[in-house]
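Novice: Take this sequence and fold it.
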Amino acid sequence: MNKKMMKQIVMLLVVAMVFVGCAKKPEMELNSAQAALTAAMEEGANKYAKDEAKGLNDELQAALDEMKVQEGKIFKNYDKTKEMLAKVNSGAEALKAKIPGLKQAAKDAAQAAADSAK
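Specialist: Alright, predicted model coming up:
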């Protein structure tokens, strides 16, 4: 190998390390997942779908933990974190859409209990 080729290989490796080592944290995905989860909680997820809400909170925490693991690495790869956050986001949106039906079911059950108590 001549000196010019060696320089090109080293330069290529440096450029590759910069791109791989400077992977950007998925801030937008994190903000979106947190907003979706907050919206579901505000709709009453903690009251009408406790287990699902807890599961989504646990998944969000796992994504945050994975993000911290990647922050400590030289070569960061946030692909798994992004997938986890996307799952939380879609799950929270689905849960939010389900809450009105759960509220109505709880209301109907309460009404039926009150009617049978008469």
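Novice: what about the residue positioned nearest the centre of the chain, which helix or strand?
Specialist: Geometric centre of the chain, nearest residue: L85, 2.1 Å, by CA atoms, centre = their mean. Here L85 sits within helix 79-117, counting by DSSP states H and E.
Novice: in that helix, what's buried?
Specialist: The neighbour-count check on helix 79-117 (16 or more other CB atoms under 10 Å) flags 81-82, 84-85, 87-89, 91-93, 95-96, 98-99, 102 as buried. In this view, the C-beta of every residue, glycine as well, is placed from N, C-alpha and C.
Novice: average model confidence for it?
Specialist: The average pLDDT within helix 79-117 is 93.
Novice: do stretch 55-66 as well
Specialist: Stretch 55-66 comes out at a mean pLDDT of 97.
Novice: buried set for that stretch?
Specialist: In stretch 55-66, counting by 16+ other CB under 10 Å, buried: L56, N57, E59, L60, A63, L64, E66.
Novice: give the contact list for the second one.
Specialist: Contacts here follow CB atoms under 8 Å, 6 or more residues apart in numbering; on that basis N57 touches L37.
Novice: could you check the angle helix 79-117 makes with the helix or strand harbouring it?
Specialist: For N57, the host element (DSSP H and E) is helix 50-71. Here helix 50-71 runs at an angle of 170 degrees relative to helix 79-117 (axes from the mean of the first three to the mean of the last three CA atoms, to 10 degrees).
Novice: surely A49 meets I99?
Specialist: Yes - counting by CB atoms under 8 Å, A49 does reach I99; the two are 6.9 Å apart.
Novice: Skip ahead from the helix or strand harbouring E42 and say which helix or strand is next.
Specialist: According to DSSP H and E, E42 maps onto helix 27-43. Downstream of helix 27-43, the first helix or strand assigned by DSSP H and E is helix 45-48.
Novice: So which of the buried residues of helix 79-117 is the closest to Q8?
Specialist: Proximity to Q8 was ranked across the buried residues of helix 79-117 by CB to CB; first place goes to K82, at 32.8 Å.
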